[in-house]
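Q: how would this look folded up:
(one chain, ligands or ions: 2)
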Amino acid sequence: QVVNGLQFAVADLSLAEAGRHQLRLAEHEMPGLMSLRKEYADSQPLKGARIAGSLHMTVQTAVLIETLIALGAQVRWVSCNIFSTQDEAAASVVVGPTGTVDAPAGVPVFAWKGETLEEYWWATMNLFDFGNGLGPNMILDDGGDATLLVHKGVEFEAAGAVPQATEDDSHEYSIILDTLRESLAGDKQRFTRIAADIRGVTEETTTGVARLYKLAKEGTLLFPAINVNDSVTKSKFDNKYGIRHSLVDGLNRATDVMLGGKLAVVCGYGDVGKGAAETLRGQGARVIVTEIDPICALQAAMDGMQVAQLEDVVGEADIFITTTGGTDIIRVEHLRAMKHNAIVGNVGHFDDEIDMAGLARVPGIEKVEIKPQVHEWRFPDGHSVIVLSEGRLMNLGNATGHPSFVMSNSFTNQVMAQIELWTKPGEYELQVYVLPKHLDEKVARLHLDALGVRLTSLTKKQAEYLGVDVNGPYKPEHYRY
Ligand SMILES: NC(=O)c1ccc[n+]([C@@H]2O[C@H](COP(=O)([O-])OP(=O)(O)OC[C@H]3O[C@@H](n4cnc5c(N)ncnc54)[C@H](O)[C@@H]3O)[C@@H](O)[C@H]2O)c1
Ligand SMILES: Nc1ncnc2c1ncn2CC[C@H](O)C(=O)O
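A: Ligands and ions are numbered 1, 2, ... in the order given. A predicted model of the protein is given here:
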């Protein structure tokens, strides 16, 4: 749609007022972002930045978007998942704080809850046209889909053609190839021009960061990148404490099943797995962990969890949650062996942790929608499994994701990373960087007052004794929090 010269595609613009009320409450819970708005109101460090954002279009992300705008940026936005958009948040961002439903004055957003994969990649393509022949000069990514499209676009433009999908390619990848083939037919240099203008990308999450390090290692990274995930105040907070809140929220909204007394399996005991295991145990479930990494497995054991192989416990557990960022974690043979009505969900970034394609191919399988994002899959032998959000991250598919306060930590890092790359052109090479520790500590400081924390100060003598500055950084680079 185009109204008032503003392009957008959202579910229902009339939801904007409801979204705006939620944004106001979220702002109160996001002190880090609100503090950056005050700190940079005059200097407008993001002036001139045209940011293409691909990140779950939630109420929290709406506050991030309006912070980027407050610092001078132009923004276009999509969600990075087909189920994670909160339609009222998308509507309020399009209308904006001063617009109306008839005369929206906010930001171009192309996102709605329940997109098809074709619609998702159509939406993502809308990130790259800022009008007047201008593309983005910054990317803000979560999972790396926007970065992938630019890199594949440049690759295929150089080759002069987009390859046909092979039988090994996923259905989604064949859609990406179709999308790029259409782009190439229309403009043989689109992404080559776009990539040349992009000053850098800031990446939100573990899986997206893994993709960036792979590009950097291959020597194909087209622009500098900041790994926001590995700011301590992102991954040791959002990944762990965020999931501790939003996993149970998703399970309750999806199934209302009693968690107490049940047996839960958590696949992976990294930052997300730790939060997942803690919250399920907090609900009185017995928790079994699966791990490949001896250190994380030892942590789980020392935290009092049984660490087993999935095959040994798959027939007795009631709930299965994947948190690995890997692939083929729960396969068809596991789903076949599960108890009747076992609940299966994923909170990893992509949907390849549970073999949904394999499940759909089981002869005689029946898929019954219990309610949106909750499906009963009935095997011919009569037993069913309940799969949440079709194997996509269910804390955002079946609930509204992490709460504002923890996302304020993640997104304060995002804004700082955008400022770093935008205001220091030429200082960053074609590598993946993390933010310096003093900024990580600054993010933490911005969130202490809201929780009534009273920090202790070092004396000069104590600081000298520890070999640190009175004002920090307080830890060496190799310190593990
Ligand atoms: N849903 C959300 O809101 C949310 C929030 C943050 C991160 N994420 C995503 O969650 C995933 C995990 O993130 P993280 O920060 O915890 O990563 P992490 O690397 O800290 O943890 C993943 C763990 O899984 C383990 N693992 C890998 N393959 C395994 C296998 N086959 N079996 C058992 N364990 C296995 C690894 O050893 C590791 O300990 C990523 O995809 C990340 O992008 C989602
Ligand atoms: N409420 C949320 N808004 C935006 N992104 C959210 C929210 N909850 C979890 N996430 C995803 C966390 C982050 O993108 C990650 O995947 O690491």
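Q: quick one: contacts for whichever residue of the stretch 101-250 of the chain sits closest to ligand 2?
A: Here the residue of the stretch 101-250 of the chain nearest ligand 2 is Thr205; by CB to the nearest ligand atom that distance is 3.1 Å. Where you see a C-beta, it was placed from the backbone N, CA and C, and this is true even at glycine. Shown in contact with Thr205 (CB atoms under 8 Å, 6 or more residues apart in numbering): Asp142, Gly143, Asn229, His349.
Q: in TSV, list the residues you listed along with pLDDT.
A: Conversion of the contacts of Thr205 to TSV gives the following (pLDDT from 0 to 100):
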residue	pLDDT
Asp142	98
Gly143	98
Asn229	98
His349	98
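Q: including secondary structure and neighbour count, could those residues go into TSV?
A: What follows is those, written out as TSV (DSSP: H, G, I helix; E, B strand; the rest coil; neighbours: other CB atoms under 10 Å):
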residue	secondary structure	neighbour count
Asp142	coil	26
Gly143	coil	23
Asn229	coil	24
His349	coil	22
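Q: nearest to ligand 1, of those residues?
A: For those, the nearest to ligand 1 is His349 (3.5 Å; CB to the nearest ligand atom).
Q: once you drop chain neighbours, what's closest to that closest one?
A: Nearest non-adjacent residue to His349, counting by CB to CB, 6 or more residues apart in numbering: Thr207, 4.0 Å away.
Q: the helix or strand that contains that neighbour - contacts with which helices or strands?
A: Thr207 is part of helix 206-218 when elements are defined by DSSP states H and E. Judged by 3 or more CB pairs under 8 Å, 6 or more residues apart in numbering; DSSP states H and E, helix 206-218 is in contact with helix 145-159, strand 201-203, strand 225-227, strand 432-433.
Q: show me what from the stretch 151-300 of the chain comes close to ligand 2.
A: Applying CB under 6 Å from any ligand atom, we find that the stretch 151-300 of the chain lies next to ligand 2 at Glu204, Thr205, Asp238, Asn239, Gly242, Ser246.
Q: thought the fifth one was touching Ser404?
A: Same thing as Gly242. No: between Gly242 and Ser404 there is no contact under CB atoms under 8 Å: 10.5 Å.
Q: which residues touch Leu180?
A: By CB under 8 Å, 6+ apart, the neighbours of Leu180 are Leu149, Lys152, Gly153, Phe156, Val162.
Q: let's see that with 10 Å instead.
A: Taking CB atoms under 10 Å, 6 or more residues apart in numbering, we find Leu180 in contact with Trp121, Met125, Leu149, Lys152, Gly153, Glu155, Phe156, Glu157, Val162, Pro163, Arg190, Phe191.
Q: out of the residues you listed, which is nearest to Leu280?
A: Closest approach between the contacts of Leu180 and Leu280, by CB to CB: Trp121, at 34.3 Å.
Q: what's the angle from the helix or strand that closest one falls within to helix 145-159?
A: Assigned by DSSP H and E, Trp121 belongs to helix 117-125. Between helix 117-125 and helix 145-159, the angle comes out at 80 degrees (axes from the mean of the first three to the mean of the last three CA atoms, to 10 degrees).
Q: gap between helix 117-125 and the chain center?
A: Averaging C-alpha positions (CA atoms, centre = their mean, to the nearest Å) puts helix 117-125 17 Å from its chain's average.
Q: how about the residues of this protein near ligand 1?
A: Counting by CB under 6 Å from any ligand atom, the chain sits next to ligand 1 at 205-207, 235, 238-239, 242, 267-273, 290-293, 296, 323-326, 329, 347-349, 393, 395, 401-402.
Q: avg pLDDT for stretch 389-400?
A: For stretch 389-400, mean pLDDT rounds to 98.
Q: end-to-end on it?
A: For stretch 389-400, the first-to-last residue distance is 13 Å (CA to CA, to the nearest Å).
Q: buried residues in that stretch, which are they?
A: Residues of stretch 389-400 classed as buried by neighbour count (16 or more other CB atoms under 10 Å): Ser389, Glu390, Gly391, Arg392, Leu393, Met394, Asn395, Leu396, Gly397, Asn398, Ala399, Thr400.
Q: check for me that Ala165 belongs to a helix.
A: No: counting by DSSP: H, G, I helix; E, B strand; the rest coil, Ala165 is not found in a helix; it is coil.
Q: residue boundaries of the helices in the stretch 1-150 of the chain?
A: For the stretch 1-150 of the chain, applying DSSP state H, counting those that start in this stretch gives helices covering 16-28, 31-40, 59-70, 87-95, 117-125, 145-159.
Q: Throw those helices into JSON lines and include mean pLDDT and mean neighbour count, thanks.
A: Output for these, formatted as JSON lines (pLDDT from 0 to 100; neighbours: other CB atoms under 10 Å):
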{"stretch": "helix 16-28", "mean pLDDT": "98", "mean neighbour count": "18"}
{"stretch": "helix 31-40", "mean pLDDT": "98", "mean neighbour count": "19"}
{"stretch": "helix 59-70", "mean pLDDT": "98", "mean neighbour count": "26"}
{"stretch": "helix 87-95", "mean pLDDT": "98", "mean neighbour count": "28"}
{"stretch": "helix 117-125", "mean pLDDT": "98", "mean neighbour count": "18"}
{"stretch": "helix 145-159", "mean pLDDT": "98", "mean neighbour count": "20"}
